[in-house]
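**Student:** have a look at this fold, sequence not included:
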C-alpha cells in the first residue's frame, strides 16, 4: 500500500503541503465542520506558515458554502481563537496550524462552541459527516458575509491581565528573553511582556513563516535562547512553539528547566494562592503531584490530549493544570486552553510576588531526571504486556487510562504503545539519574520477554 | 437536469447544487496546472456567492504555484485590460454576468486579455477531467497580492484615449445608467466624471442583489425608462452586472431591444472596408448598417470566445452580437459596455443629434425570441428533422440551424444552459414574426409527440 502524508482522524486533518493535503480537502473538511456546528459564526485563525493564507481561503470557501459566517483573525495564537469563540459566542473555531511540526506540514485544529477542542465523540461525529458524499451546501440567499477582526489578541491580553497583578509584575522590572519561533506568538509577545513592565530581548520575531529553529520547543532546539539569557543577563527565558499554545522556560543560568516544569511552576504559584484540585495528563512529571501534595490538593490524571485535560478540569473544578510533556499550561480562570501567554504571566507574577529568582523557586520543587527508550512491540502484544505489568506492579499505584503509569516515592514510569508505529515507549523519571536509567532498562527487558 | 455547464464560456453552474467549492477548486487547479506557475489576476463580481468562489479559486491557484493578483470586485472590461497591462499570464473572472440569480461562473482569460479559445479551453478541460493537478510543496506555492490600488485609472486612460472626450464634455450630456448592483457602478461613475457627463446612476450599489432580470432586455429597462423622461436625460443605459452587455433607452423614451445595441454602435463607427464580426442569430439590421457603410460582415458561432477570437484573427474593427455585447478591435479583446456608452455619447456630441435621432436611423425589422421546452437529449434530433420542412429556405448549420428567406429568418439552437431550444425569428412586422414563430413551435411540438 502506498503511504501518503495525510492523516484524517478524530484529531482533525493533517498532512504535508503539495502532497495529499490539497486546498480542496481542507475546504471539504471546513464544509463538514460548518455543517456539524449548524452554520453560524466560526472563528478562523492561522499561524505564520507560508501555506496558511492558501488554506485560509480554502477554509473560508468551505464555511461560506454551508451558510457559516467566517470571522477571520489572521495570524494569531491558537488560544486567541479559542477565547474569541467564547467572546463572540461563535458556534466553533478553526485554527490552521500544524503546531510544533516542521514548516512543510499543516493541519486544522477544531474548536467547539465553548472554545475548547472537540472531544472524541464530537470529532467522530464530525468525521462521519466528512465521510459522506453529500454536503448541505446552501443556496446563495442563505450565504452570510465574511468578517475580519483585527486586534483579536487584545481580548486574550485583557483576560490574562484581569487574572494577574500587573502592578506587582511591573514593579519587579524583570528582564526577559522570548523565543517566538517565527510563529503566531511573534507579533504579540514583545508588546505583551513590555506591558508587564519587562525589559524584553526577543528572538525569532520574523513572521514570514520560515522557522529559523526546529519548531518543537525542546532543549536541543532552543540553544540560541539559552545563550541569549546568559549574554543579556536575563532573569528568565521563554520559548514558544509556532502556534504559541506551548511554553518552555530557561533559567537565568541559561539551562532549560525542561518542558515538564512549565505546568509545575504555574501550579506551584496558583496553588499557593488557591489550594484547589489540579489536572494533568499521565505524561506529566511526578514533581507536579509532589507540589499538589505540598499544598494538600488533589492531582487528577487524564489521557494525553488537551481536550482530555480540559474536560476533566471543568468536571472537577480544577484551578490549574496542563500537559507536562508538551509545556502546556492551562489556567481556566483565563480560558480552559493551553496558553503560552498565560503561562508566562503566571510564572512572572510568582517571581515578582516572591521576590525570588527562578533558581530559588525551583529549589523548593523536587527535580526529576529522565530517561526513555523505544521497544519494538506489535500493538496486540502491547495490550497484553500492559495488562501483565499492571497486575505485577499493583502496589505502584498503576494508572491505566492511557498506557500504564506507575508511581513510587522517588520515581515514576510511563509505558505507552505508539499510535503510528509498532513500538512501545518507556519513559521514566527519578530523583537520581541511575534510578531512571535502571527503570527504563528493567521495563524494556520485561516488554521484550 | 444537472445545473452545470462546462463550455466555451468556462465553468457555469447553479451554486450549491452544481457549482460547489471542490468543483471550483478543481477547475482553478486545472487552470493553475495548465499555466505551470506564473501570475493570474483574479476578479469577481458582486454576486453573493462570488466571494466563496473567489476564495476557492485563489486557494487552488496558489496550491499549483501560481502567484495571484487579487483584483477584488472588478468589471470584466477592467479585467480584459488589466491582464496584459500587468503582464500577467492569465486572468480568472468570477461572476454571473447575465446569468440568473443563484448561478455563477468561472471564466479563464488568456495573457492578452481575451477569453480562452476553443483549443486552449480544450487543453484546460483535459487537465480538469483528468484531475491530476500540479500541487506544489510548501516552499513553492504561490503568493498573493492586491491589484494596484489605482489600476482602474490606467483602464480609464486607455478607454478615454479611444474617444473624443473634449467633444463629449462640451456637449453637456446627461445619462441614466442602471448597473444592476454589479461590479460596474464605481468605474462607470468615474468614467462619466472623466468625460464630463452628468450621470444619474441607479442600482449602482455593489450588493449583488439583483434589482431585475440581469439580462439587459427591454423588460429590465423599466427603471431607467421611468426616470429618463422626468429627468430629461439625453440617453439611458441598462448594463448587466459585469459591464459586458448593454441596452439603450433613447431620449424619446423608446427602449431599444438589446439586439440593436451593436447595430447602433456600428452605425456610428463603421467606414468603408471595415470588418465586423457577429454570430448567426443577430438582427438583419446589422447587415443593413454594414451595407450602408460599405463594411464586411463575418459570422461565427454564438459565444464571446468565438466572436472575439474571430475579431482578433481578422483584425476586425468591431464585433458584437444580439445579446447587447460589443467588442472594439483597437481597444480590448473582450466586451466593454463603457466603450459602448462612450461611442454613443461621442456620436451624439459630434453630430449634434439626440439619441432618439440616432436610433431612428436604424432600419428596423421585428425580432421575436421564444423558448421551446424540450429535454436536451432530443433537441439536436428535433432540430435536424426540421430541415425537411422548409425546402424553400437557405439553410446554415454552422451554429444550430438558421433558415433564411428573402423576408426574414428563423434561428434555432439548443441552449447550453437550460433544457430548451432557443428560437429567434426576424420578419418585417411583428405579426409576421409571431406567425412564423407559432408555425415553427407547432412543428416542433408535433414532432415530440
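**Tutor:** Happy to help now that I have it. Predicted, not measured: the structure shown is a model, and the values here were computed from it. Numbers count the residues shown, from 1 in each chain, chains lettered A, B, ... in the order given.
**Student:** what's the domain layout of chain B?
**Tutor:** As assigned by automatic domain parsing, chain B contains the domains B:4-149, B:159-360, B:366-448.
**Student:** who wins for proximity to chain A among those?
**Tutor:** domain B:4-149 (3.7 Å; Cβ to the nearest Cβ). The way it works is simple: take the backbone N, C-alpha and C, and place the C-beta from them, glycine included.
**Student:** hmm, the closest one touching chain A?
**Tutor:** Yes: residues of domain B:4-149 contacting chain A under Cβ under 8 Å from any Cβ of the partner chain: B:15-17, B:20-22, B:24-26, B:29, B:47-49, B:51-53, B:55-56, B:58-60, B:62-63, B:101-102, B:133, B:135-144.
**Student:** reformat the domains of chain B as JSON lines; add mean neighbour count, mean pLDDT and distance to residue A:392.
**Tutor:** Shown next, in JSON lines, are the domains of chain B (neighbours: other Cβ atoms under 10 Å in any protein chain shown; pLDDT from 0 to 100; distance: least, Cβ to Cβ, whole Å):
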{"stretch": "domain B:4-149", "mean neighbour count": "22", "mean pLDDT": "95", "distance to residue A:392": "47"}
{"stretch": "domain B:159-360", "mean neighbour count": "21", "mean pLDDT": "95", "distance to residue A:392": "70"}
{"stretch": "domain B:366-448", "mean neighbour count": "16", "mean pLDDT": "87", "distance to residue A:392": "74"}
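**Student:** which residues touch the closest residue in space to residue A:265 that isn't next to it in sequence?
**Tutor:** Distance criterion Cβ to Cβ, 6 or more residues apart in numbering or on different chains; nearest residue to residue A:265, sequence neighbours excluded, is residue A:347 at 5.2 Å. Contact analysis of residue A:347 by Cβ atoms under 8 Å, 6 or more residues apart in numbering or on different chains lists A:236, A:249, A:262, A:265, A:266, A:269, A:358.
**Student:** export these as a markdown table, with columns for pLDDT and neighbour count.
**Tutor:** Output for the contacts of residue A:347, formatted as a markdown table (pLDDT from 0 to 100; neighbours: other Cβ atoms under 10 Å in any protein chain shown):
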| residue | pLDDT | neighbour count |
| --- | --- | --- |
| A:236 | 98 | 22 |
| A:249 | 98 | 24 |
| A:262 | 98 | 30 |
| A:265 | 98 | 24 |
| A:266 | 98 | 30 |
| A:269 | 98 | 23 |
| A:358 | 96 | 22 |
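**Student:** and those, which is closest to residue B:335?
**Tutor:** Using Cβ to Cβ, residue A:262 is the member of the contacts of residue A:347 that lies nearest residue B:335, at 63.0 Å.
**Student:** so the closest one sits in a helix?
**Tutor:** Yes: counting by DSSP: H, G, I helix; E, B strand; the rest coil, residue A:262 is part of a helix.
**Student:** that one contacts residue A:245, doesn't it?
**Tutor:** No: using Cβ atoms under 8 Å, residue A:262 is not in contact with residue A:245; the gap is 11.3 Å.
**Student:** name the residues contacting each of the two.
**Tutor:** Among the neighbours of residue A:262, those also in contact with residue A:245 (Cβ under 8 Å, 6+ apart) are residue A:328.
**Student:** give me the beta-bridge partners of the closest residue to residue B:244 other than its chain neighbours?
**Tutor:** Closest residue to residue B:244 apart from its sequence neighbours, by Cβ to Cβ, 6+ apart: residue B:335 at 4.1 Å. Note on residue B:335: beta-bridge partners by DSSP bridges are residue B:327.
**Student:** picking up where we left off before, in strands only, show me the contacts of residue A:347.
**Tutor:** A:236, A:249 (DSSP state E).
**Student:** residue B:243: which of the contacts of residue A:347 is nearest?
**Tutor:** Nearest to residue B:243 out of these is residue A:262 (Cβ to Cβ; 58.9 Å).
**Student:** can you tell me the element residue B:58 falls in?
**Tutor:** helix B:50-63 (DSSP states H and E).
**Student:** residue contacts, residue B:400?
**Tutor:** Contacts of residue B:400 (Cβ under 8 Å, 6+ apart): B:280, B:281, B:302, B:383, B:411, B:412, B:413, B:414, B:422.
**Student:** which residues sit against the helix-or-strand element of chain A with minimal mean pLDDT?
**Tutor:** Using mean pLDDT, DSSP states H and E, the weakest-scoring helix or strand in chain A turns out to be strand A:6-9, at a mean of 79. By Cβ under 8 Å, 6+ apart, the residues outside strand A:6-9 that reach it are A:13, A:14, A:15, A:16, A:19, A:20, A:21, A:25, A:29, A:127, A:130.
**Student:** now it: buried residues?
**Tutor:** For strand A:6-9, burial by neighbour count (16 or more other Cβ atoms under 10 Å in any protein chain shown) applies to residue A:8.
**Student:** sheet partners, orientation included, of that strand?
**Tutor:** In the sheet, strand A:6-9 lines up with strand A:12-16 (antiparallel) (DSSP bridges).
**Student:** the helix or strand just after the strand it pairs with and chain B in contact?
**Tutor:** Downstream of strand A:12-16, the next assigned helix or strand under DSSP H and E is helix A:23-36. Yes: using Cβ under 8 Å from any Cβ, helix A:23-36 reaches chain B at A:23, A:24, A:26, A:27, A:28, A:31.
**Student:** which is the next helix or strand following helix A:23-36?
**Tutor:** strand A:40-46.
**Student:** perfect, I'm done here.
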